[in-house]
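Student: quick check, what structure comes out for this input:
(2 chains)
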Protein chains: 2
Amino acid sequence: MTLSRIRIVGSGLIGTSIGLAAVAQGITVDMVDVDPRAQSLARDLVKSKTGEEIDLVLFAIPLGALGTVLNSEFALNTKAAFIDVASVKTKVKVEVLASNIPSARFLPSHPMAGREVGGAESARADLFQGRPWVIDSQGVDLDVVEVGKELIDLLGAHVIDLPVGEHDQAVALVSHLPQLMASMLAKQLLGAHELWLDLAGAGLRDTTRIAASDPQLWQEIIASNHLALHPLLQNLRADLDHVIASLEDQEQIAKLIDQGRAGRALIPGKHGGKARDYRHLPIVIEDKPGQLAALFDECANAKVNVEDLSIEHSPEQFTGLITLALSVKDAEILSEHLLKNGWNVHPARN
Amino acid sequence: MTLSRIRIVGSGLIGTSIGLAAVAQGITVDMVDVDPRAQSLARDLVKSKTGEEIDLVLFAIPLGALGTVLNSEFALNTKAAFIDVASVKTKVKVEVLASNIPSARFLPSHPMAGREVGGAESARADLFQGRPWVIDSQGVDLDVVEVGKELIDLLGAHVIDLPVGEHDQAVALVSHLPQLMASMLAKQLLGAHELWLDLAGAGLRDTTRIAASDPQLWQEIIASNHLALHPLLQNLRADLDHVIASLEDQEQIAKLIDQGRAGRALIPGKHGGKARDYRHLPIVIEDKPGQLAALFDECANAKVNVEDLSIEHSPEQFTGLITLALSVKDAEILSEHLLKNGWNVHPARN
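Tutor: Reported below is the predicted structural model:
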């Protein structure tokens, strides 16, 4: 079976990102959503086409909404394979068993990719590049597993086959616990003096980045996975009690920071994701109009590809630091080109 | 008094970064360190020059080492102004009062900038660009305050004048608490299955990034600021207890995530708090060269001020979504202008 038509139910971040990536691989994609605004933007971005003879129906909707669409989608596409991308998998198995879809035609899966911002407007085709994508192939027909794997492969992700129970324990540790901690930390900022928050640096911004996540989505994920989360939170509380009791004890604090360092070092650095091999080129621009346009003209002249960028500047003025992310080679080319043309370029960094 | 010669005591990340930036501004810098290797690298990087008639002696060393050098530096440079950059400031005041340096000649200060990697080799001249830099000018001679402000200004940072006690409370919240939480979270990863950690994404990586920080540095910071940290950690424990008790209660979990979101939204985007008031305008651009430059030409034509932007696209191609951050008024103007000129603009969002 070769994949040529997918129907994606759900036009949020994940559904639309899958749509973008699949279309780029020559697959015909039909995007649908209960929200007309989201559906319209997603269909526009993805160049969605309504079609028949769907090979694969992919559910990219909240867990709580799954039960209501499984039967209607099965009625529309009785011959299709089915796959979902929800964050907690034991619950999905239960929903499928209660539906008309034969469980052997449904592949539970979970792409380990996401962003703290949601919606079709935040979608990106490279979201899954080099990322792990968990499936549980136990009891699923071989042709359904194969079509699922084909899609995952096309999106640039790699398959990890893991029973749903073990998946749920793993994501409690590497995804749900960090979410709760980021939210709890960010909550402590409520009521703080504005001036104090002006002192915040990249540390606070990074540790709380995922606190911007969607409450509707997360209330469901956390509650669905409470069994796996509970012991992790108990361990954390024991550690927190110890820190509170040891605040003045430099040796104990150093031990904690050291253990944190060791834990941090266990996280794999790269998943082959190209995005992380960029060089970052800092360019100080002047306070006059059109500088950004002029800079991108230079990029076009130098025939380099800007992969990402950030602007550091004081609001309501336009002076400051533009950091362009480029491939190693393009960073060299552009740096030389800009220096030659009188731009204030600083050495590139990783 | 105009700044022409600085002596920087301490050749770590902060001292060397200040040296790099000051030299770039035409100031003569003398870098010293008790560690010959660090001193040698820093002197080389900064093009350090030993000189006389030092205007300003800057201490960029751990808090615990400050007491041992205040008197010797004062003996060498009796006419100089003095400044330090330590992370906890009430302790510094105590050290200065116990030294021969008249407290009116010493400006306690703290640049809100850093990296999770340390040492002269991680130094960068742009580390302070656009960052806040706290001073406490209370009881300090005007000429000393002025020379400190001159340096901070030259480094591209902006001064926030705050009493040391309030500073220490603020950094407990925006810097020391995030450090402890990142370390505690990263510690939970010790002993996890390798396959589970392979599922880690950007969320875990970002929330634990600063867990890679230096234990020697942080044991001192935490212990020095334990009074300000204690109530914050107590609040956190109360929240953690509540989360543990409410794991299955979707409403309570949504409330926490929501509060975290609200707290997160208080963090200024780049510098001032203005980032919060921006509207975000999504524009789908075509896959052809020069589109970004053309878009910024349109912004210049429409006379709008782009405050920030992000690019969402697949690496190695240039198609996708540009999201421009603008004031509410500018977003309206630009949206209308772009629609009139055939751009694919979607409705702005907050």
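
Student: give me the neighbour count for A:Asp136.
Tutor: 23 (other Cβ atoms under 10 Å in any protein chain shown). Heads up, the C-betas are built off the backbone N, CA and C, glycines and all.

Student: would you check that it makes contact with A:Val164?
Tutor: Yes: counting by Cβ atoms under 8 Å, A:Asp136 does reach A:Val164; the two are 4.7 Å apart.

Student: touching the host helix or strand of A:Arg37 from outside, list them.
Tutor: A:Arg37 is part of helix A:36-46 when elements are defined by DSSP states H and E. The contact list for helix A:36-46, computed with Cβ atoms under 8 Å, 6 or more residues apart in numbering or on different chains, reads A:11-12, A:15-16, A:19-20, A:23, A:29, A:31-33, A:48, A:119-121, A:123, B:282, B:284, B:321, B:344, B:346-347.

Student: please flag which of those residues sit within strands.
Tutor: Taking DSSP state E, the ones among the contacts of helix A:36-46 that sit in strands are A:29, A:31-32, B:282, B:284, B:321, B:344.

Student: give me the below-cutoff pLDDT ranges for the stretch 251-350 of chain A.
Tutor: A:269-277, A:286-289, A:311-321, A:350 (pLDDT under 70).

Student: in it, which spans are strands?
Tutor: Taking DSSP state E, counting those that start in this stretch as the test, the strands found in the stretch 251-350 of chain A are A:279-285, A:308-313, A:320-326, A:344-345.

Student: helices and strands around the last one, which ones?
Tutor: Looking back up the chat, that one is strand A:344-345. Here strand A:344-345 touches strand A:279-285, helix A:328-340, going by 3 or more Cβ pairs under 8 Å, 6 or more residues apart in numbering or on different chains; DSSP states H and E.

Student: so which residues make contact with the longest one?
Tutor: Helix A:328-340 is contacted from outside by A:277-281, A:283, A:298-299, A:301-305, A:324, A:326, A:345, A:347-348, using Cβ under 8 Å, 6+ apart.

Student: mind checking which of the residues you listed are buried?
Tutor: Buried members of these, counted by 16 or more other Cβ atoms under 10 Å in any protein chain shown: A:278-281, A:283, A:298-299, A:302, A:304-305, A:324, A:326, A:345, A:348.

Student: between those residues, which is nearest B:Gly263?
Tutor: Using Cβ to Cβ, A:His280 comes nearest to B:Gly263 of the buried ones among the contacts of helix A:328-340, at 28.6 Å.

Student: surely that closest one meets A:Ala348?
Tutor: Yes: counting by Cβ under 8 Å, A:Ala348 is a contact partner of A:His280 at 6.2 Å.

Student: shaky segments in the stretch 51-200 of chain A?
Tutor: Ranges of the stretch 51-200 of chain A meeting pLDDT under 70: A:116.

Student: what's the neighbour count on A:Gly114?
Tutor: Neighbourhood size, A:Gly114 [other Cβ under 10 Å]: 22.

Student: ok, A:Gly139 - contacts?
Tutor: Going by Cβ under 8 Å, 6+ apart, the list of residues near A:Gly139 reads A:103-104.

Student: the one 5 residues further on now?
Tutor: Under the criterion of Cβ under 8 Å, 6+ apart, the contact list for A:Val144 reads A:81-83, A:104-107.

Student: now do 6 Å
Tutor: A:81, A:105, A:107 (Cβ atoms under 6 Å, 6 or more residues apart in numbering or on different chains).

Student: dump the residues you listed into CSV; add distance to chain B as well.
Tutor: Shown next, in CSV, are the contacts of A:Val144 (distance: Cβ to the nearest Cβ, whole Å):
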residue, distance to chain B
A:Ala81, 24
A:Arg105, 26
A:Leu107, 18
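
Student: list buried members of the contacts of helix A:36-46 by neighbour count.
Tutor: Judged by 16+ other Cβ under 10 Å, buried ones among the contacts of helix A:36-46: A:11-12, A:15-16, A:19-20, A:23, A:29, A:31-33, A:48, A:119-121, A:123, B:282, B:284, B:321, B:346.

Student: count the neighbours of the residue of the stretch 51-200 of chain A found nearest chain B for me.
Tutor: Proximity of the stretch 51-200 of chain A to chain B (Cβ to the nearest Cβ) peaks at A:Ser183, 3.1 Å away. By other Cβ under 10 Å, the residues close to A:Ser183 number 28.

Student: out of everything not next to it in sequence, what's closest to it?
Tutor: Excluding the flanking residues, the one nearest A:Ser183 by Cβ to Cβ, 6 or more residues apart in numbering or on different chains is B:Gly260, at 3.1 Å.

Student: ok, that neighbour touching A:Ala186?
Tutor: Yes: using Cβ atoms under 6 Å, B:Gly260 is in contact with A:Ala186, at 4.0 Å.

Student: shared neighbours of the two, which are they?
Tutor: When Cβ under 6 Å, 6+ apart defines a contact, the residues bordering B:Gly260 and A:Ala186 alike are A:Ala211.

Student: thinking again about what came up before, deepest of the helices and strands packed on strand A:344-345, which one?
Tutor: strand A:279-285 (a mean of 19; mean count of other Cβ atoms under 10 Å in any protein chain shown).

Student: helices or strands up against that strand?
Tutor: Under the contact definition 3 or more Cβ pairs under 6 Å, 6 or more residues apart in numbering or on different chains; DSSP states H and E, strand A:279-285 sits against strand A:320-326, helix A:328-340.

Student: which residues touch it?
Tutor: Here strand A:279-285 makes contact (Cβ under 6 Å, 6+ apart) with A:291, A:321-326, A:328, A:331, A:335, A:343-346, A:348-349, B:126.

Student: report the distance from that strand to the chain centre.
Tutor: Relative to its parent chain, strand A:279-285 has a centroid offset of 26 Å by Cα atoms, centre = their mean, to the nearest Å.

Student: next, the angle strand A:320-326 makes with that strand.
Tutor: 150 degrees (axes from the mean of the first three to the mean of the last three Cα atoms, to 10 degrees).

Student: ok, back up a step: dump the residue contacts of the residue nearest to A:Ser183.
Tutor: By Cβ under 6 Å, 6+ apart, the contact set of B:Gly260 is A:183, A:186-187, A:211.

Student: point to the residue nearest the middle of chain A.
Tutor: A:Gly114 (1.5 Å; Cα atoms, centre = their mean).

Student: would you verify that that one is located in a helix?
Tutor: No: under DSSP: H, G, I helix; E, B strand; the rest coil, A:Gly114 sits outside any helix and is assigned coil.

Student: what's across from the residue nearest to A:Tyr278 when sequence neighbours are not counted in the sheet?
Tutor: Residue nearest to A:Tyr278 in three dimensions, not counting chain neighbours: A:Ala325, with 4.0 Å by Cβ to Cβ, 6+ apart. With DSSP bridges as the criterion, A:Ala325 is bridged to A:His280, A:Asp308.
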